[in-house]
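Asker: Take a look and give me a structure for this.
(2 chains)
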Amino acid sequence: MTKYLGLFLLVMLSITVSPALLRAEDAADIIRKSQDAFFAQGKDMQARVKMTLLSKSGQQRLRELTMLRKNGIGGEQKYFMYFHNPADVRGTSFIVYKYPGRDDDRWIFIPAINLVNRIAAKDSRSSFVGSDFTYEDVSGRDPEADTYKYVREDTIQGKPCHVIESTPKNPAEYTRKLSWVDKATYLPLKDEYYDVQGSLYKVFTADKVEINGGFPTVTKRSMENIKSGHKTEVVFENVSYNVGIGDDVFSERYLRKPSEKWIK
Amino acid sequence: MKTMSYIFIILIFAIKTATACAQEINFHGFVQGSLSARITGNETPDNNEGGDYLSGEQRLRGEITGTAESTAFTLKADLVHDSVADEDHVDIREAYMDYRSGHYDLRAGRQIITWGAGDLLFINDTYPKNYSALFSGQPLEYLKTGSDAVKLSLYSDAISADLVVIPFFEPYQLPDPKRFFLYSPMTITGINTPREEIENLEIALRLYRQLGRFDTSLYVYRGFYKIPGMRPTSMTEAELFYPQLAVYGFSMQGALGNGVLSIEGGYYDSLDDRNGDDPTISNSSARYILGYSKQIWSDFTAGVQYYGEYMQDYGQYENSLPAGFPKSDKLHQLVTLRLTQMLKYNTLRLSLFTFYSPDDEDYFVIPEARYNITDSLWFSGGINIFGGKDSRTFFGQLDKNDDLFATMRYEF
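Answerer: This is a model prediction of the structure:
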């Protein structure tokens, strides 16, 4: 009898913990795991990033940069970005120190006048180098800035996903976001952004996922502005993890004169 | 001749480096046309060059960089055709060699150095500048010109340092009376630059580190004023010269309330006129900048700065000032505002920069638009608007030089 009771309880439990009834904390946990998988794999990362900006009329613009990332303690991160193209920003570098729960510190180096300057960081909604991605889309949004709800399960490209709804606590670029998070890898496979009118205006898709150094990595992604028809496709090439990037790389010395080894 | 020897040295080095590590050579450049036309309709004097045209230039930039192990070289030079003067010249923007070691870097040659926390305002950055380029709407990079210098940079976790030694004096390039309407009480008959002697070496030191979340620097400079003093040689004629100067200063820049706070200060020690009683030399002064910039909405940034220059020995200055010369206030102040809006996926940039001095009651306003037609071709245009209550103040004297400017550049 006790044996059957056990089975009964197990069945009841699995019904109770049906996805729709998962608590908000579980949804938040999925987003946190997703952010880790997408923005913080390994101790550090090096990649060559090629962005293609496509206008509705078919005009193309290219942005090519080397991105270095290093994780610190307690969710802190350091980024180094060096622009190879287009010509008018060639040699321009950025350093970003990201802190959980407070604004980033950002520096820019402008080679033509050999200037290192701080830049105002409260521009998470601003376009990243003219693309459809915002700064937040590139380096991650503070998970504490939104509240989360588990919506349903779904399948994208044959991959079972959690669908999570994010609602910003304070006014943000979007009023609502739906994220499809791969159950196996926790990578975001799709994001839908809704505006104040409640209509869909921006869609993110992970178009290609590859395993690099043991880490599932989105090597091709795109962001499409549904309203303007403008689209940005991003390819990550030569992605390497745990390459041993020193802290000194994220300093004024390397901002002014990056090491060839790291910006290739 | 100096130019030629530079090219020669760099070429030798380039060839050597290229053979050592050929895959690390990069070549880039651009073709650029720029024009600046005075729109005030003022009749230009006979000795004026270019009539209403403050500048008209075609530039071909060649930029070659090479790296091999711990050494690197950079050569950036413009072949310039100056349509106003109808002459050609080579403008060596930068030509230097780098050596990098564990805890230090050495850079020797012509190099652009930029220090400090100001935006178009400089205190501890005493390096050469070209105000003529700024006032005629040339791209911002031409405001800075190279120093023929050796720079040693030392790095450590506790503190880092830049030591710069400049053997060849280079003054600021100020608007030329042949092209600009300017206030000039005397006819300039000669310019005395410091002789190229060991005791005239310019030396600048910067020590820096992070203090909390602020980038903090201390500066010391010993050299010369880059804006000349004027020494009368007769009742109507004068010579220009560059008095000795030492500057002791600091700067801090860091995040504050969603924006960036910049503070810079410096004491200008007028070594040739410590009592302040020589009217041909600027008195010592304490200078400071307080700046704040912030993102107001997406892709829109606003920055304000307050600059002050507090003159030492003001009594001596008042007593020694010749009759008829315009008198400066004890405290000279400037307020600047910069607004920048990026549009159309950052391909269109609208910007406004304004200087205003409440004591001189003069101003300089630069509205500008720049559009990236493609990834390699951009066009920019704008207006320089000068004015003031008195035609003898810094911006006031430029009142008749309001100009429209345009630049187009193709980069490769």
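Asker: For chain A, what lies in contact range of chain B?
Answerer: A:53, A:55, A:61-62, A:85-88, A:90, A:103, A:105, A:112-123, A:125-127, A:129-132, A:173, A:230, A:248, A:251-253, A:257, A:260 (CB under 8 Å from any CB of the partner chain). (C-beta placed from N, C-alpha, C; glycine too.)
Asker: among these, which ones are buried?
Answerer: Buried by 16 or more other CB atoms under 10 Å in any protein chain shown: A:53, A:61, A:85-88, A:90, A:103, A:105, A:112-123, A:125-127, A:129-132, A:173, A:230, A:251-253, A:257, out of those.
Asker: mean confidence score for whichever strand or helix holds B:R93?
Answerer: B:R93 belongs to strand B:87-100 when assigned by DSSP states H and E. For strand B:87-100, the mean pLDDT works out to 96.
Asker: Report the closest residue of the stretch 101-250 of chain A relative to chain B.
Answerer: A:G130 (3.1 Å; CB to the nearest CB).
Asker: Wait, a helix at that residue?
Answerer: No - A:G130 is assigned coil when assessed by DSSP: H, G, I helix; E, B strand; the rest coil, not a helix.
Asker: Nearest residue to it in space, please, no chain neighbours.
Answerer: B:N346 (3.1 Å; CB to CB, 6 or more residues apart in numbering or on different chains).
Asker: Does the one you found belong to a helix, a strand or coil?
Answerer: coil.
Asker: Can you classify the nearest residue to A:V129 once chain neighbours are set aside by secondary structure?
Answerer: Spatial nearest neighbour of A:V129, chain neighbours left out: A:R63 (5.2 Å); criterion: CB to CB, 6+ apart. Following three-state DSSP, the label given to A:R63 is strand.
Asker: Remind me what the strand holding B:R93 packs against, helices and strands.
Answerer: helix B:2-20, strand B:71-82, strand B:104-111 (3 or more CB pairs under 8 Å, 6 or more residues apart in numbering or on different chains; DSSP states H and E).
Asker: Run me through the strand neighbours of the shortest one, direction for each.
Answerer: Note on strand B:104-111: by DSSP bridges, its sheet partners are strand B:87-100 (antiparallel), strand B:147-154 (antiparallel).
Asker: Among these, which comes closest to A:Q197?
Answerer: strand B:87-100 (50.8 Å; CB to CB).
Asker: tell me the angle of the closest one relative to strand B:71-82?
Answerer: 170 degrees (axes from the mean of the first three to the mean of the last three CA atoms, to 10 degrees).
Asker: Am I right that A:K149 is in a helix?
Answerer: No - applying three-state DSSP, one finds A:K149 to be strand, outside a helix.
Asker: Neighbours of it, how many?
Answerer: 17 (other CB atoms under 10 Å in any protein chain shown).
Asker: Is the residue nearest to it when sequence neighbours are not counted part of a helix or strand, or is it coil?
Answerer: If the residues on either side of it in the chain are set aside, A:K149 comes closest to A:E165, at 4.5 Å by CB to CB, 6+ apart. Of the three states, A:E165 takes strand under three-state DSSP.
Asker: Which strand residues bridge A:E165?
Answerer: A:K149, A:L178.
Asker: still on that earlier bit, the residue nearest to A:V129: what's it in contact with?
Answerer: Contacts for A:R63 (CB atoms under 8 Å, 6 or more residues apart in numbering or on different chains) come out as A:V49, A:K50, A:M51, A:L53, A:F83, A:N85, A:P86, A:V129, A:G130, A:S131.
Asker: same deal with A:N170?
Answerer: A:N170 neighbours (CB under 8 Å, 6+ apart): A:A145.
Asker: Need the phi and psi values for it.
Answerer: phi -120, psi 160 (degrees, to the nearest 10).
Asker: burial of the residue nearest to A:G74 when sequence neighbours are not counted, as a residue count?
Answerer: Closest residue to A:G74 in three dimensions, ignoring its sequence neighbours and counting by CB to CB, 6+ apart: A:P100, at 6.7 Å. Applying other CB under 10 Å, we find 12 residues neighbouring A:P100.
Asker: for B:T374, same thing?
Answerer: 13.
Asker: before we move on, what SS does it have?
Answerer: coil.
Asker: got the contact list for it?
Answerer: A:R61.
Asker: what about it, distance to A:T52?
Answerer: For B:T374, the distance to A:T52 equals 14 Å [CB to CB, to the nearest Å].
Asker: Overlap of the contact sets of these two?
Answerer: With CB under 8 Å, 6+ apart, B:T374 and A:T52 have common neighbours A:R61.
Asker: and the strands paired with strand B:104-111, which is most packed in?
Answerer: Highest mean neighbour count of the strands paired with strand B:104-111: strand B:147-154, a mean of 19 (counted as mean count of other CB atoms under 10 Å in any protein chain shown).
Asker: after it comes which helix or strand?
Answerer: Where DSSP H and E defines the elements, the next helix or strand beyond strand B:147-154 is strand B:160-166.
Asker: just the helices in chain A please.
Answerer: In chain A, the segments counted as helices under DSSP state H are A:2-16, A:24-39, A:135-139, A:252-256, A:260-263.
Asker: re earlier: narrow the contacts of A:R63 to those in strands?
Answerer: A:V49, A:K50, A:M51, A:L53, A:F83, A:N85 (DSSP state E).
Asker: Make a markdown table from those and add distance to B:D269 to it.
Answerer: Listed next are these as a markdown table, based on distance: CB to CB, whole Å:
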| residue | distance to B:D269 |
| --- | --- |
| A:V49 | 49 |
| A:K50 | 52 |
| A:M51 | 50 |
| A:L53 | 52 |
| A:F83 | 41 |
| A:N85 | 46 |
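Asker: how about these, which pair is most distant?
Answerer: Every pair of those checked by CB to CB; the farthest is A:L53 and A:F83, at 14.0 Å.
Asker: Quick check: which ranges of chain B have low pLDDT?
Answerer: B:1-23, B:46 (pLDDT under 70).
Asker: in it, which residue is closest to the centre?
Answerer: The centroid of chain B falls nearest to B:K129 when counting by CA atoms, centre = their mean (2.8 Å).
Asker: Identify the residue spatially nearest to it, adjacent ones excluded.
Answerer: B:Y172 (5.0 Å).
Asker: which residues touch whatever residue of the stretch 51-200 of chain B ends up closest to chain A?
Answerer: Chain A sits closest to B:E141 of the stretch 51-200 of chain B, with a gap of 3.7 Å, by CB to the nearest CB. By CB under 8 Å, 6+ apart, the contact list for B:E141 reads A:A112, A:I113.
Asker: In a helix, it, correct?
Answerer: Yes - B:E141: assigned to a helix according to three-state DSSP.
Asker: now the end-to-end length of stretch B:266-282.
Answerer: 15 Å (CA to CA, to the nearest Å).
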